[in-house]
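# attaching a predicted model along with its sequence, questions to come.
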Amino acid sequence: MNIYKEQINLTSHGGTPSFFNITDSVKEAIKKSKIQNGICVVVSPHTTCSVFFEEFVHDYTEDGDEFLQVDLNNVLQKIIPDNVAQGQYNYPGEKHYEAVESWPNAEDYLPNGDRSALFNCDAHLKSTLLGSSQILEVDEGKLGVGKTGYVYFVDFDRTRSRSRKCRVIILGE
Amino acid sequence: MNIYKEQINLTSHGGTPSFFNITDSVKEAIKKSKIQNGICVVVSPHTTCSVFFEEFVHDYTEDGDEFLQVDLNNVLQKIIPDNVAQGQYNYPGEKHYEAVESWPNAEDYLPNGDRSALFNCDAHLKSTLLGSSQILEVDEGKLGVGKTGYVYFVDFDRTRSRSRKCRVIILGE
Amino acid sequence: MNIYKEQINLTSHGGTPSFFNITDSVKEAIKKSKIQNGICVVVSPHTTCSVFFEEFVHDYTEDGDEFLQVDLNNVLQKIIPDNVAQGQYNYPGEKHYEAVESWPNAEDYLPNGDRSALFNCDAHLKSTLLGSSQILEVDEGKLGVGKTGYVYFVDFDRTRSRSRKCRVIILGE
């Protein structure tokens, strides 16, 4: 049994959720791993991001999002509206602001001390619902999905552009 | 460390979501694998299907669905109603129809060229929310769940009957 | 490739969903495993419980729940309200009551024969939506998450206090 790892580096755009089709990168990692049979785990280490398995569709909105991505977000919005003001959700609370402000790298989380950078409660809840990882099969050296199966990474955080990483871990023989 | 794989073949009935209790098949695969300790990954390679872990209940609706399955679908319907008409969701869009119509096996996706066969946006979104896989423990040669824990496969696609496969991958020693 | 397992024992409080920050226990298990690279699978064998990945926040409600936990439950309540009366959901049905009442350990599920102990349909559905497991990376002997990433176990069952177990399985080398 062998293990192979790779990192996919992504930059979210902010404003709206950032969706990334990472299927080619995942397939490339499997190829490089030389693993023929096993599992491929795709994980986000960030708490506002998810990895999910979905059909690739050929229509895009003006924002560049695929139709199924927009439909997914519209559905989630019904119960988790965008966090645009303090008090809309319990989070973020006063003690959390104070804790983050005390961190040595506070500027990374609260640029220019602007507390609205933590108005991302919706992103945390959406990513919890969807899950932060996806587990797929590696079958005869290939990603075990059908013709229409693709792997997506999403950062639901709309507050600003962020550097994100996605980890691919392949276990098998 | 060893790896063992098995495929469960299923046929969805269309009309409503198709639920399958696959617990016995998963337990049989673990037995055949002779693996004593590790993990059991149950994966759908289809983008309208999910694998989930739930209690087995003893009451059925007239359609043959277990009560918790119907309750689950009722809850999902609140935010993801059945896709019964064009324009209800963004998906399916014109370019996607054209792409699918250009595939050599277009008939598999659009029988008789009927575009309503792609009115399954609800199924895509429901399966994304629930997730396409389930990871369970293998403990002393057995599925590591309690007395009431069962494994289900669901195809949310209501548009027609489909042949579906579910992959079981066991890793351990 | 090696495998290491550990069990985290928890006691839910009933009344409201019980959330547990199990991050330290998971990190301790990774340390004990001596595994440097691989995956860490955290699984609930119970059908009303979930394992999820979320930010740790520093504000608590009067009930002792973290703000993001309460926000998560509020969001889920919109589509899955507390099961407080018979007939609100299909589950629990008559045949299921009869089956549970016939089990040798029926008292564990229906203390004092009180059928309202099965008014936990909401808990079953919430845990199905969130998923019963979480898969994380083990990277250079450490849990592969960022500064703000934590692992939580939740029992959504509000009917009474229960003994719960959470399984941690680490695979790697």
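Good, I have the coordinates. Numbers count the residues shown, from 1 in each chain, chains lettered A, B, ... in the order given.
# how about the helices in chain A?
A:23-33, A:67-79, A:94-102, A:106-109, A:121-130 (DSSP state H).
# of the ones you listed, which is nearest chain B?
helix A:67-79 (3.9 Å; CB to the nearest CB). The way it works is simple: take the backbone N, C-alpha and C, and place the C-beta from them, glycine included.
# the closest one close to chain C?
Yes: under the criterion of CB under 8 Å from any CB of the partner chain, chain C is reached by helix A:67-79 at residue A:79.
# one more: stretch A:6-14?
No: using CB under 8 Å from any CB, we find that stretch A:6-14 stays clear of chain C, coming within 9.9 Å at best.
# quick one, grab the pLDDT at the residue in chain A that chain B sits nearest to.
Closest approach between chain A and chain B, counting by CB to the nearest CB: residue A:59, at 2.9 Å. pLDDT for residue A:59: 97.
# get me the contact residues on chain A for chain B.
Residues of chain A lying near chain B (CB under 8 Å from any CB): A:1, A:37-39, A:52-55, A:57-59, A:61, A:67-68, A:70-72, A:74-76, A:78-79, A:129-131, A:134-137, A:139, A:144-149, A:171-173.
# that older thread, next one: phi and psi at the residue of chain A closest to chain B?
phi -110, psi 140 (degrees, to the nearest 10).
# now do the same contact list for it.
By CB atoms under 8 Å, 6 or more residues apart in numbering or on different chains, the residues touching residue A:59 are A:66, A:67, B:90, B:91, B:92, B:93, B:94, B:95, B:96.
# apart from its neighbours in sequence, what residue is nearest the fifth one?
The shortest distance from residue B:92 to any non-neighbouring residue, by CB to CB, 6 or more residues apart in numbering or on different chains, is to residue B:118 (4.2 Å).
# run a quick neighbour tally on the one you found.
20 (other CB atoms under 10 Å in any protein chain shown).
# quick check: it touching residue B:93?
No: here residue B:118 lies out of contact with residue B:93, judged by CB atoms under 8 Å, at a distance of 9.7 Å.
# follow-up on the earlier one: quick check: closest non-adjacent residue to the residue of chain A closest to chain B.
Closest to residue A:59 by CB to CB, 6+ apart is residue B:93, at 2.9 Å.
# what about that neighbour, how many residues nearby?
Neighbour number of residue B:93 under other CB under 10 Å is 20.
# what of residue A:168?
Residue A:168 has 24 nearby residues by other CB under 10 Å.
# repeat that for residue A:14.
Based on other CB under 10 Å, the number of other residues close to residue A:14 is 14.
# report the buried residues of the lowest-mean-pLDDT helix or strand in chain A.
Here the helix or strand of chain A ranked lowest by mean pLDDT, DSSP states H and E is helix A:106-109, holding a mean of 92. Using 16 or more other CB atoms under 10 Å in any protein chain shown as the test for burial, helix A:106-109 gives residue A:109.
# helices or strands up against it?
On a contact count with 3 or more CB pairs under 8 Å, 6 or more residues apart in numbering or on different chains; DSSP states H and E, helix A:106-109 meets no helix or strand.
# CA atoms only for it, dumped as PDB, please.
What follows is helix A:106-109 as a C-alpha-only set of coordinates in PDB (Å, rounded to 0.1, in the frame of the first residue of the first chain):
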ATOM      1  CA  ALA A 106      -4.700  39.600  13.000                       C
ATOM      2  CA  GLU A 107      -4.200  41.600   9.700                       C
ATOM      3  CA  ASP A 108      -4.700  38.400   7.700                       C
ATOM      4  CA  TYR A 109      -8.200  37.900   9.200                       C
END
